[in-house]
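*Asks:* Following is a predicted model, sequence given first.
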Amino acid sequence: MTTVGAALRHTRTAEDGLRALGIQGRALTPTAELLVPGDDLAFRVRKAGLARLRTRIVRADAGRLESVLIAGPLSELRHESVLAEAGGHTLLTDSLRWTTPFGPLGRLADVVLGRRVVLAVLASRLRAVGELAEEWAGRPVVVGTAITRGGRLLVQQRHFPARDAGKWELPGGRVEAGESEQDAVIRECKEELGVDVVPGGRVGTDVPLHNGMLLRVHTAELADPEAEPTAVEHRAVHWAPAAELGAFDWLEADRVLVHSLRDLLA
Ligand SMILES: Nc1nc2c([nH]c(=O)n2[C@H]2C[C@H](O)[C@@H](COP(=O)(O)OP(=O)(O)OP(=O)(O)O)O2)c(=O)[nH]1
């Protein structure tokens, strides 16, 4: 489900899903490939007689992507995509609510044109999400660990390789052959921080990495709450409150998880 969640947040899904129908859509925030709250999308929808629309992502976590209209010829538009596990599959439910400002005539255009376009866009987007999620599903996984204590998150500063030196990340590393993700979390935290942790659930969506792997973050608590993690392989470790999380010079992939990590602490 978290891989589907990542595909749903990917700018390629938003753009390709629409392009297939001759609708031009583009993410206005190209710095991240996964959309984060605050990112805007711009659309030009000729088929429905609508000129330009601009929407803003207001939520992007493991189970939900939400956007609202911020400019365009509708009085209101809200799009929610909700993911749920269903018998080994991931179920995606889309709901779109919009209001046209043109009275009865607008409502007629809605029924005749609007709904048809919306359904076609959703079907095309669903295909794009499925393709991307399938492409990522076989990737090797890097686990990241969100260790929390007293409303703070443990973050660590990399020492190497040179291009990442000074950047901040979560403890973790590659899952080895035959190892479960939870076991990898326990092993990496022992190696990197010298502490035992108890893994919990998941946080945020997966994040595709440029090296062909998939970053997947698990929550964890210290087995001994009094234990002090130390920087065994890293330059520094730090317990960060939610308000500090936006200020770190994160590895690029972690940046798109900051809002989910903040929610975890809230
Ligand atoms: N551990 C960790 N790795 C991350 C994060 N974000 C991110 O992009 N990565 C990338 C950096 C690396 O390309 C890859 C895993 O790196 P690593 O050096 O921690 O993994 P490892 O211990 O298994 O690697 P190695 O030293 O055995 O070569 O994942 C993160 O938050 N934590």
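*Replies:* Thanks, I have it.
*Asks:* what helix or strand does the residue of the stretch 51-200 of the chain found nearest the ligand sit in?
*Replies:* Relative to the ligand, the nearest point of the stretch 51-200 of the chain is Gly173 (2.9 Å; CB to the nearest ligand atom). Where you see a C-beta, it was placed from the backbone N, CA and C, and this is true even at glycine. Counting by DSSP states H and E, the element that carries Gly173 is strand 172-174.
*Asks:* how far out from the middle of the chain is stretch 186-202?
*Replies:* 23 Å (CA atoms, centre = their mean, to the nearest Å).
*Asks:* Ignoring the adjacent residues along the chain, who's closest to Leu264?
*Replies:* Val203 (5.2 Å; CB to CB, 6 or more residues apart in numbering).
*Asks:* how about the strand holding Gly173: buried residues?
*Replies:* For strand 172-174, the neighbour count (16 or more other CB atoms under 10 Å) marks 172-173 as buried.
*Asks:* what about the helices in the stretch 151-266 of the chain?
*Replies:* Along the stretch 151-266 of the chain, the stretches classed as helices by DSSP state H, counting those that start in this stretch are 181-193, 252-255, 258-265.
*Asks:* again but with the stretch 1-150 of the chain, I slipped
*Replies:* 2-9, 11-19, 103-109, 115-137.
*Asks:* OK, contacts around the nearest residue in space to Asp164 that is not next to it in sequence?
*Replies:* Spatial nearest neighbour of Asp164, excluding adjacent residues (CB to CB, 6+ apart): Arg158 at 4.6 Å. Neighbouring residues of Arg158 by CB atoms under 8 Å, 6 or more residues apart in numbering: 164-169, 234-235, 251.
*Asks:* at 7 Å instead, please
*Replies:* The neighbours of Arg158, taking CB atoms under 7 Å, 6 or more residues apart in numbering as the test, are 164-165, 167, 169, 234-235.
*Asks:* picking up where we left off before, thought the residue nearest to Leu264 was touching Thr219?
*Replies:* Yes. Using CB atoms under 7 Å, Val203 is in contact with Thr219, at 5.5 Å.
*Asks:* out of the two, which sits in the more crowded spot?
*Replies:* Val203 (23 against 19; other CB atoms under 10 Å).
*Asks:* From Leu265, how far off is that one?
*Replies:* Noted for Val203: a distance of 10 Å to Leu265, by CB to CB, to the nearest Å.
*Asks:* And for Leu41?
*Replies:* For Leu41, the distance to Leu265 equals 28 Å [CB to CB].
*Asks:* near the ligand, which residues of the stretch 1-150 of the chain?
*Replies:* 142, 144 (CB under 6 Å from any ligand atom).
*Asks:* Dump the C-alpha coordinates for stretch 243-255 into CSV.
*Replies:* Extracted as CSV, the C-alpha positions of stretch 243-255 are listed here (Å, rounded to 0.1, in the frame of the first residue of the first chain):
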residue,chain,number,x,y,z
ALA,A,243,9.2,22.4,14.9
GLU,A,244,12.9,21.8,13.9
LEU,A,245,12.3,19.2,11.3
GLY,A,246,11.8,21.6,8.4
ALA,A,247,15.2,23.3,9.0
PHE,A,248,17.5,20.3,8.5
ASP,A,249,19.6,19.9,5.4
TRP,A,250,18.0,16.5,4.7
LEU,A,251,19.0,13.9,2.1
GLU,A,252,16.8,14.7,-0.9
ALA,A,253,14.6,11.6,-0.5
ASP,A,254,13.9,12.4,3.2
ARG,A,255,12.7,15.9,2.4
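*Asks:* Excluding chain neighbours, give the residue nearest to Trp98 in space.
*Replies:* Per CB to CB, 6+ apart, closest to Trp98 is Leu77, 4.3 Å.
*Asks:* who touches that neighbour in this structure?
*Replies:* 55, 68-69, 98.
*Asks:* returning to that earlier point: quick one: pLDDT of the residue nearest to Leu264?
*Replies:* On the pLDDT scale, Val203 is placed at 96.
*Asks:* picking up where we left off before, now list the buried members of the contacts of Leu77.
*Replies:* Buried subset of the contacts of Leu77 (neighbour count, 16+ other CB under 10 Å): 55, 69, 98.
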